[in-house]
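# My questions are about this predicted structure, shown below with the sequence.
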Amino acid sequence: MSADGNWKITINTPMGAQTVNANIKTSGDTFTGTTEGQMGKQEVSGKVDGNTLTWSANITQPMPMTLEFTATVDGDKMNGNVKLGMFGNAPLTGERV
């Protein structure tokens, strides 16, 4: 499994769908990259376990919180979950572009 490449990720939050463009580069059991969406551009890094990626992101809008991502890659698709701090969880889907 390789998650390398550009992805369009949609997170279905309580405030509506949020779309993020991500660039991912794996290296063994870690990955690095960037995400860019409504809340700006951010460097990301995380862990790779088989076909599962995990990472976190600190946001300031609409309020400061840490988002915790878990996504499973299957070919050119990605499915997972985002923990939205005290606001519960939101499903995510992604597609390699």
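That came through fine. Numbering: from 1, shown residues only.

# Next, the distance between the ends of stretch 25-38.
22 Å (C-alpha to C-alpha, to the nearest Å).

# pLDDT on it, on average?
The average pLDDT for stretch 25-38 rounds to 94.

# Please point out which parts of that stretch sit buried.
Residues 26, 31, 33, 35 are the ones in stretch 25-38 that count as buried (16 or more other C-beta atoms under 10 Å). For the C-beta atoms, the positions are set from N, CA and C on the backbone; glycine is no exception.

# right, and Asn58 touches Glu68 too?
No - contact criterion C-beta atoms under 8 Å: Asn58 and Glu68 do not qualify, at 10.6 Å.

# Of those two, which one has the most company?
Taking other C-beta atoms under 10 Å, Asn58 and Glu68 do not tie; Glu68 has more neighbours (15 against 9).

# any idea which element the residue most central in space within the chain lies in?
Nearest residue to the geometric centre of the chain (C-alpha atoms, centre = their mean): Phe69, 5.5 Å. Assigned by DSSP states H and E, Phe69 belongs to strand 65-74.

# Report the inter-axis angle for the next helix or strand after that strand versus strand 65-74.
Moving toward the C-terminus from strand 65-74, the next helix or strand (DSSP H and E) is strand 77-84. Interaxial angle, strand 77-84 versus strand 65-74 (axes from the mean of the first three to the mean of the last three C-alpha atoms, to 10 degrees): 160 degrees.
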